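S.K.: Fold the following, please.
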Amino acid sequence: TRTVTINGNGATLSFTPTSTAAGAVLDMNGADFFVFNDLTIVNNATLGYCLWMRNAADFNVFRNCSFRCPNMPGSSSGTAYIWISNGTTSPFTYSNSANNNLFENNNLRTANSNGPYYGIVMVGPTTSNLNNATSGNRFIGNNIQNWRYCGFYISYCSNTEFTANTVHNTDYKVTSLKYG
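M.R.: Predicted coordinates for the structure are as follows:
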């Protein structure tokens, strides 16, 4: 198996999506065996996501990357730093979206009181399909900050590792409930 490695060296990849159907800065649609190191990914719109993992995007690595959504007011549930789902405006499509990926030492943060609805959202197939679940994804040592509703939302996935991550909302001031 050949791997494509992208060493960002702190460079920025940015985009301003105009619809959630094409709402990702980086769309990993069925993409396998990519490694991204030290890359900043910025979604400049009020909708969408920085990273979209879908259609069995497997065996990818994101290490020491930054994910930013500086203009999102967090009012739309179709927004996230990292969106792991085959859905476009809602993550709840219940299908196998991504497997055996590693997210390590990344910073998911917007420097002001804006941010997406979710920090990370990951949705797999329904309970009747857990043998073909979104599986084996690992989140290690990430900082997930400034989101409106939920820092890490996971549904119908198996063998997910979530270790030594920091999930907090220091700057995002919303009076409604929040979930980590």
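
S.K.: Pull out the buried positions in stretch 99-109.
M.R.: Buried residues in stretch 99-109, counted by 16 or more other Cβ atoms under 10 Å: 99, 101-104, 106-109. Backbone N, C-alpha and C define where each C-beta goes, glycine included.

S.K.: now swap in stretch 158-165 and tell me
M.R.: Applying 16+ other Cβ under 10 Å to stretch 158-165 flags 160, 165 as buried.

S.K.: what about that stretch, start to end distance?
M.R.: 18 Å (Cα to Cα, to the nearest Å).

S.K.: what's it in contact with?
M.R.: 122, 124, 130, 133-144, 152, 154 (Cβ atoms under 8 Å, 6 or more residues apart in numbering).

S.K.: That one: how far from the chain's middle?
M.R.: 14 Å (Cα atoms, centre = their mean, to the nearest Å).

S.K.: Looking at the buried residues of stretch 99-109, which gets the smallest pLDDT?
M.R.: Least confident entry in the buried residues of stretch 99-109, by pLDDT: residue 109, with 90.

S.K.: who does residue 13 bridge with?
M.R.: Per DSSP bridges, the residues bridged to residue 13 are residue 41.

S.K.: gap between it and residue 25?
M.R.: Relative to residue 25, residue 13 is positioned 6 Å away (Cβ to Cβ, to the nearest Å).
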